[in-house]
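Colleague: This is a predicted model, with the sequence first.
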Amino acid sequence: MGRPFNLEISESAEYLSKSLKKARTAFEKERLQMLWWIKTGQATQHQELSRMLGRDGSTVTRWLQKYRQGGLAKLLEVKASPGATPKIQGEVRSQLEEKLKCSEGFSSYGEIVEWLKQEFDLEVKYQTVYRLVDYQLQAKLKIPRPQGKQQDEQAVNLFKKTFLTPLLAFKTFYVKESDYVTSVRMRLD
């Protein structure tokens with residue numbers, strides 16, 4: 001014969017039923033189902049409950065112990081692993097951010113890896129630097145736009161100075177005629 005429960009469920013059966021319907025993960029559903037079965041009297045013994053849940057008796061014992069210690073919040077608490085500590089943090093990260101903001105900056109991620117190695121004696125992988133700069137800091141490398149080898153610098157400067165002047169003399173108006181829109185260009189003199 002299995003051992004009976006000596007556990008008082010503080011939540012009402014109605015609340016547990018609503019919570020069970022709203023639960024999104026199997027993690028929550030299993031635990032709420034367990035409490036609901038105990039509260040409604042469908043499971044009266046520990047062994048019976050473990051069989052109904054399809055879990056080992058020690059797992060059910062652990063869940064009930066969590067409920068006794070902290071209630072429903074403790075039972076449904078999901079622990080997240082802290083993960084590894086970032087290799088680039090604190091003063092190093094702030095200096096990297098400043099260097100990325102300045103106009104000279106870096107032209108490649110490999111250059112950043114070398115800078116970290118020389119300045120701070122940090123061995124950091126290329127991929128780590130790429131993730132930090134691109135995804136977390138959302139910074140851009142300072143890479144000049146490509147230019148043609150035979151490009152005339154004087155012609156480029158002249159084009160930049162005079163390009164907008166003729167365009168400003170024209171203004172485009174949109175006129176709706178029955179079912180379609182036409183554009184009319186008028187010279188402003």
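Modeller: Sure thing, it's come through. Just so it is clear, the model here is predicted, and its values are computed rather than measured.

Colleague: How far off centre is stretch 92-109?
Modeller: Offset of stretch 92-109 from its chain centre (CA atoms, centre = their mean, to the nearest Å): 23 Å.

Colleague: Counting neighbours, which bits of that stretch end up buried?
Modeller: Of all the residues in stretch 92-109, those buried under the rule 16 or more other CB atoms under 10 Å are Val92, Leu96, Leu100, Phe106, Tyr109. For every residue, glycine as well, the C-beta is placed using N, CA and C.

Colleague: residues contacting the second one?
Modeller: Put plainly, it is Leu96. Taking CB atoms under 8 Å, 6 or more residues apart in numbering as the criterion, Leu96 is in contact with Ile88, Ile112, Leu116, Leu132, Val133, Leu137.

Colleague: Of those - the most surrounded one?
Modeller: Most neighbours among the contacts of Leu96, by other CB atoms under 10 Å: Ile112, with 24 neighbours.

Colleague: Tell me the pLDDT of it.
Modeller: You'll see Ile112 listed with a pLDDT of 93.

Colleague: Does the helix or strand where it lies pack against any helices or strands, and if so which?
Modeller: Using DSSP states H and E, Ile112 sits in helix 109-120. Packing partners of helix 109-120 (3 or more CB pairs under 8 Å, 6 or more residues apart in numbering; DSSP states H and E): helix 91-101, helix 126-130.
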